[in-house]
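Colleague: For reference, the sequence and a predicted model appear below.
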Amino acid sequence: MKGALLSVNASARLHDLSHAIPPQNVLNTAFFLKASVPYFPPGTLHIVVVDPGVGTKRAILYAEAGQQRFLAPDNGCLSPLFDVLGSPSTVRHVKKRDLWRTPVSDSFHGRDIFAPVAGHLSLGLRPAKLGPVVQDWVRLAIPKPKQTAKGVRGEVIYIDSFGNLITNIPASAVSIRPTSLVVGRRRIQRFAWVRTYGEAKPGDLAVLISSFGYLELAIAQGSAARRLRANVGTAVYIGFHDVP
Amino acid sequence: MKGALLSVNASARLHDLSHAIPPQNVLNTAFFLKASVPYFPPGTLHIVVVDPGVGTKRAILYAEAGQQRFLAPDNGCLSPLFDVLGSPSTVRHVKKRDLWRTPVSDSFHGRDIFAPVAGHLSLGLRPAKLGPVVQDWVRLAIPKPKQTAKGVRGEVIYIDSFGNLITNIPASAVSIRPTSLVVGRRRIQRFAWVRTYGEAKPGDLAVLISSFGYLELAIAQGSAARRLRANVGTAVYIGFHDVP
Amino acid sequence: MKGALLSVNASARLHDLSHAIPPQNVLNTAFFLKASVPYFPPGTLHIVVVDPGVGTKRAILYAEAGQQRFLAPDNGCLSPLFDVLGSPSTVRHVKKRDLWRTPVSDSFHGRDIFAPVAGHLSLGLRPAKLGPVVQDWVRLAIPKPKQTAKGVRGEVIYIDSFGNLITNIPASAVSIRPTSLVVGRRRIQRFAWVRTYGEAKPGDLAVLISSFGYLELAIAQGSAARRLRANVGTAVYIGFHDVP
């Protein structure tokens, strides 16, 4: 992909964002984009190639939202991000084949379509040249937690490279100290409610609000994912009912 | 290596290509180069440091082929690429020590030789300053598959970061739908012959022509390497004799 | 982090140095910095975010030493490097909050403090604007080996991505060929004392002086860490008493 892009614009400045998204995991991609894209300077072109539908009839999108620009498969990966950046001002189908490499392979559109199109955009190509404006695209809902009087039931939606478990439970749902914690089917007897990792003892399970604004489970100098055998989708319940 | 190169040319533009080549695996390196180098713009200097022979008498090559430039250990990693790019127009031994860091370590020529030499080349150094033209270098043959009336016997020659198995069986040898598949000693009862990953059900073994032009075995949203316990070198047989 | 830095200086040239430091491992970080920083051109700004104390009272340092510049948590990661580069000419606490992102998260200072401060420094900000000069910072001693008439007892202080074990035993302590080797509690019956990897047979345990200047244990085309079940901290003893 880097070669194909630099062949169009040898001066393009490329920055690798992540090579650690679990293969074909669109939900993780969506969360990752939501957590990182807003920090980039206006005008950045983000190329997303987590694309389990490559070579099928899934469309390819060019989008602009919150002064950020995107080339991405139409698989929902951008939609949670639009909740943060605001509705996109433009969404187009990337359809005009004259900018693509030929022949286009069936399984590596990153190299044959995304990269050369990105190269041309970086040289100033007008997006209207890519294809028609569309009003509809795949929406992906990051699952919403359920809140009761006694607690909140959510799930793990992202696991970072340290094995920290980031849930879909927002900071606003955890305004008081949790008194019980269940991960999967396992009731956690001991955990530390902390502000940051260093407040927990090495090896202790720390519960905190992540830098993304969601409830996070972490083990200082260890992997919460491995210890709790948790995956994306594992249920997480925090209860407040024991509070005096 | 980055520091040593930037110390010579602070404006050099560096792009990481892969940090995932299995250690010291020259065959994988050769395949990886063959699959990626041709996409780069003319004049790119490719630095290859998969170098199990570092510090021994193996030579270091500077080569030019198909408008691409290379610094690489003389271990065969470039020779399959020359089949694609055409014969090299220049091959030199990198021998003149005045551009190297001193002292030169015995086990990290990437830092002490390749990086500073690449820095000088990026500043316009004439390749003749590196050392003498040579006519001979190590040839590495990517193993060739055997074709019979009933099928083709090849082997896995590359495993990508998703666990997809890329074989040495070219697309031209699979013009009709395979009806049987054997991986290692294991006859695969069920597989889907597809054009791209998304046509297979998650979990199914997909057989397709990879974007590199070779037969590939993949599991949509899973790892074929893990499921089939396959490695580089594992035999792959596809048969057509059951076709009606 | 890249987005936050480029938002301040879109022209900054960023180079990834390592994403493979074991999580929160300050000793590995210190060794890695000592082995790589001296090769960079004068004026390079190194951003270090291995930071188990993020969000606690640990300070953040700006330092200059040997014409290199640093932003790093005050956790000792720089102090072994200062042994190589010489005492720092300036060390400051990064305290002035006006350059930071707001709000500052408790667990991701890399994004909220280090990256924007680095962006401003790359634009020419005078370091005096960051905070006061300090005379004291955390010292981290890389453990020293013990030498006797018969041999040297050290430990593994770094494991590279190949699984090579780098010890704290300096080249100067191994001027003659070792005749015995103990790793952890295990006496190694067979090992090859070599100058570089390629001199050992594939699969053999090679003992050599690493390109960092320390004793290293390696398995050509294999992982010494896995074979010897060694970690950072595993004891390594080499003896010379059997020499005739």
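Modeller: All right, it came through fine.
Colleague: the helices in chain A, which residues?
Modeller: For chain A, the helices defined by DSSP state H occupy A:2-8, A:26-36, A:79-85, A:109, A:115-122, A:224-227.
Colleague: Run through who's touching the shortest one.
Modeller: Right, the one you point to is helix A:109. A:Val49, A:Asp51, A:Val54, A:Gly55, A:Ile60, A:Pro73 (CB atoms under 8 Å, 6 or more residues apart in numbering or on different chains). For the C-beta atoms, the positions are set from N, CA and C on the backbone; glycine is no exception.
Colleague: in stretch A:137-147, what counts as buried?
Modeller: With burial defined by 16 or more other CB atoms under 10 Å in any protein chain shown, the residues of stretch A:137-147 counted as buried are A:Trp137, A:Val138, A:Leu140, A:Ile142, A:Pro145.
Colleague: anything in that stretch near chain B?
Modeller: No - using CB under 8 Å from any CB of the partner chain, stretch A:137-147 never reaches chain B; the gap is at least 13.5 Å.
Colleague: Quick one: end-to-end length of that stretch, please.
Modeller: 30 Å (CA to CA, to the nearest Å).
Colleague: what's the closest non-adjacent residue to the residue of chain A found nearest chain B?
Modeller: Nearest to chain B in chain A, going by CB to the nearest CB, is A:Gly55, at a distance of 2.9 Å. Of all residues not flanking A:Gly55 in the chain, B:Thr196 sits nearest, at 2.9 Å (CB to CB, 6 or more residues apart in numbering or on different chains).
Colleague: Near the residue of chain A at minimum distance from chain C, how many other residues are there?
Modeller: Closest to chain C within chain A is A:Thr196: 3.0 Å, counting by CB to the nearest CB. For A:Thr196, the neighbour count with other CB atoms under 10 Å in any protein chain shown is 22.
Colleague: so it touches C:Val104, yeah?
Modeller: No - the pair A:Thr196 / C:Val104 is not scored as a contact, 11.1 Å apart, by CB atoms under 8 Å.
Colleague: what residues does chain A put near chain B?
Modeller: Residues of chain A lying near chain B (CB under 8 Å from any CB): A:2-4, A:6-7, A:10, A:14, A:16, A:19, A:23-24, A:52-56, A:58, A:105-108, A:111-112.
Colleague: about what we covered before: would you mind finding the most buried of the helices of chain A?
Modeller: helix A:109 (a mean of 26; mean count of other CB atoms under 10 Å in any protein chain shown).
Colleague: Who are the contact partners of the residue nearest to A:Gly55?
Modeller: A:Val54, A:Gly55, A:Thr56, A:Asp106, A:Ser107, B:Leu208.
Colleague: Please check those residues and keep the buried ones.
Modeller: Judged by 16+ other CB under 10 Å, buried ones among the contacts of B:Thr196: A:Val54, A:Gly55, A:Asp106, A:Ser107, B:Leu208.
Colleague: Could you list which of the contacts of B:Thr196 belong to strands?
Modeller: B:Leu208 (DSSP state E).
Colleague: Report the two of the contacts of B:Thr196 separated the most.
Modeller: A:Thr56 and B:Leu208 (12.4 Å; CB to CB).
Colleague: Contacts for stretch A:131-150 next, please.
Modeller: Applying CB under 8 Å, 6+ apart, the contact partners of stretch A:131-150 are A:26-27, A:30-31, A:34, A:59, A:61-63, A:74-80, A:90-96, A:152-155, A:157, A:167-170, A:173, A:239-241.
Colleague: Regarding the closest residue to A:Gly163 other than its chain neighbours, what are the backbone dihedral angles?
Modeller: Once flanking residues are discounted, A:Gly163 sits nearest to A:Ser223: 2.8 Å by CB to CB, 6+ apart. Backbone torsions of A:Ser223, given as degrees, to the nearest 10, read phi -110, psi 110.
Colleague: distance of A:Ser223 from A:Leu205?
Modeller: A:Ser223 sits 11 Å away from A:Leu205, going by CB to CB, to the nearest Å.
Colleague: Just want to know which of these two has more residues nearby.
Modeller: In this view A:Ser223 and A:Leu205 are compared by other CB under 10 Å, and A:Leu205 has more residues nearby, 21 against 17.
Colleague: quick one: contacts for the closest residue to that one other than its chain neighbours?
Modeller: Distance criterion CB to CB, 6+ apart; nearest residue to A:Leu205, sequence neighbours excluded, is A:Phe191 at 4.4 Å. Applying CB under 8 Å, 6+ apart to A:Phe191 gives the contacts A:Leu181, A:Asp204, A:Leu205, A:Ala206, A:Val207, A:Leu217.
Colleague: Least confident of these?
Modeller: On pLDDT alone, A:Asp204 ranks lowest of the contacts of A:Phe191, at 90.
Colleague: if I look at it, how far off is B:Arg101?
Modeller: For A:Asp204, the distance to B:Arg101 - CB to CB - is 46 Å.
Colleague: what's the longest strand in chain A?
Modeller: strand A:151-159.
Colleague: Distance of the closest residue to A:Ala235 other than its chain neighbours relative to A:Pro145?
Modeller: With sequence-adjacent residues excluded and distances taken as CB to CB, 6+ apart, A:Ala235 is closest to A:Glu155, at 5.3 Å. Applying CB to CB, the value for A:Glu155 to A:Pro145 is 8 Å.
Colleague: now swap in A:Leu78 and tell me
Modeller: Taking CB to CB, one finds A:Leu78 at 22 Å from A:Pro145.
Colleague: Could you report the pLDDT at the closest residue to A:Ala4 other than its chain neighbours?
Modeller: Once flanking residues are discounted, A:Ala4 sits nearest to A:Ala115: 3.7 Å by CB to CB, 6+ apart. pLDDT recorded at A:Ala115 is 98.
Colleague: wait, doesn't A:Ala115 sit right on A:Ala12?
Modeller: No - under the criterion of CB under 8 Å, A:Ala115 makes no contact with A:Ala12, lying 9.8 Å away.
Colleague: Identify the contacts common to those two.
Modeller: The contact lists of A:Ala115 and A:Ala12 share A:Leu5, where a contact means CB under 8 Å, 6+ apart.
Colleague: Write out the residues of chain A neighbouring chain C.
Modeller: Going by CB under 8 Å from any CB, the residues of chain A near chain C are A:15-17, A:36-41, A:44, A:161-163, A:195-199, A:208-211, A:216, A:220-221, A:223.
Colleague: Now which of those would you call buried?
Modeller: Using 16+ other CB under 10 Å, the buried ones in those are A:17, A:36-37, A:39-40, A:44, A:162-163, A:196-199, A:208-211, A:216, A:220-221, A:223.
Colleague: Point out where chain A drops to low pLDDT.
Modeller: A:242-244 (pLDDT under 70).
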